[in-house]
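1. Dropping a prediction and its sequence here:
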Amino acid sequence: MKIKLIASVVLCLITASLIAQPADQPSVRLGIMGGLNIATIVKTNDQNFQSDPLFGFNGGALLQIPFGRIIAIEPEILYSQKGYKSTGSYLGQDYDYRRHTDFIDVPLLLKLNASENFGFVIGPQFSFLTSTRTVVKSGANSMEQTVDNDNSNLRKNVLGGVIGFDINLDRHAFVYARYTLDLQIDNGNGSPSTPEYRNQVFQLGLGLLF
């Protein structure tokens with residue numbers, strides 16, 4: 001239902017842009033994008049908790065819907081690998097704990113073009129959890145567990161925010177840098193196995209417009 005609503009909003013924006021757009025104004029453009037995720041978390045109930053970055057991938061498609069030369073609406077749909085890594089020692093044994101969470105992210109961004117080659121983006125993001133995998137290593141032992149999302153204590157739909165910038169390399173290629181942060185806690189009860197936290201991700205990548 002939420003995906004259908006988002007698709008309807010995007011379709012209305014495209015239609016309005018095409019109707020209101022003068023002939024000499026920039027046109028609606030479709031693009032693809034992909035790059036690196038540097039993911040970690042903000043834990044909300046334990047300030048002493050430390051997590052290390054987990055590296056992953058982000059990639060998908062976008063639309064640029066201009067309203068003049070300065071302002072544009074940019075809806076995107078991205079596959080995004082998130083999660084976190086935590087290392088330490090427990091009962092004399094070193095451990096390495098990694099939680100991988102895969103999402104479909106749908107940012108709805110406002111783009112402000114400061115110049116022909118540089119623009120800022122900001123807006124909400126709707127994230128849909130698709131899979132979860134946990135890997136635990138302790139001493140010589142290693143355990144990997146795939147979590148059933150229907151039975152886990154993770155939130156399946158998360159509202160977040162995005163801020164960042166784009167640098168245009170030419171008319172068709174650009175590089176992007178983004179920071180995304182969940183605005184909702186990702187689990188329900190803050191149990192030791194599923195601490196209360198919010199995903200935060202730094203994204204770097206390359207986009208192509210057609």
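-> Okay, I see it.
2. how about the helices in this structure?
-> Under the criterion DSSP state H, the chain contains helices at 2-20.
3. helices and strands of it: which one bottoms out on pLDDT?
-> One helix or strand of the chain scores below all others by mean pLDDT, DSSP states H and E: helix 2-20, with a mean of 54.
4. Poorly predicted segments of this protein, please.
-> Along the chain, segments meeting pLDDT under 70 span 1-24, 44-49, 90-92, 139-152, 188-195.
5. Look up how far Arg98 lies from Ser86.
-> Between Ser86 and Arg98 the distance is 8 Å, computed by CB to CB, to the nearest Å. Every residue, glycine included, has its C-beta placed from N, CA and C.
6. Over to Gln200?
-> Using CB to CB, we find Gln200 at a distance of 16 Å from Arg98.
7. same thing with Asn117?
-> Counting by CB to CB, the gap from Asn117 to Arg98 is 38 Å.
8. can you check Asn113 too?
-> Look at Asn113 and Arg98: by CB to CB, they are 39 Å apart.
9. can you check Ile167 too?
-> 32 Å.
10. which one of these two has more residues nearby?
-> Summary of the neighbour comparison: Ile167 and Arg98, criterion other CB atoms under 10 Å, with Arg98 having more neighbours (17 against 12).
11. Run through the residues that contact the more buried one.
-> With contacts defined as CB atoms under 8 Å, 6 or more residues apart in numbering, the neighbours of Arg98 are 54, 83-86, 134-136.
12. what's the closest of these to Glu196?
-> Each of the contacts of Arg98 was scored against Glu196 by CB to CB, and Tyr84 proved nearest at 12.9 Å.
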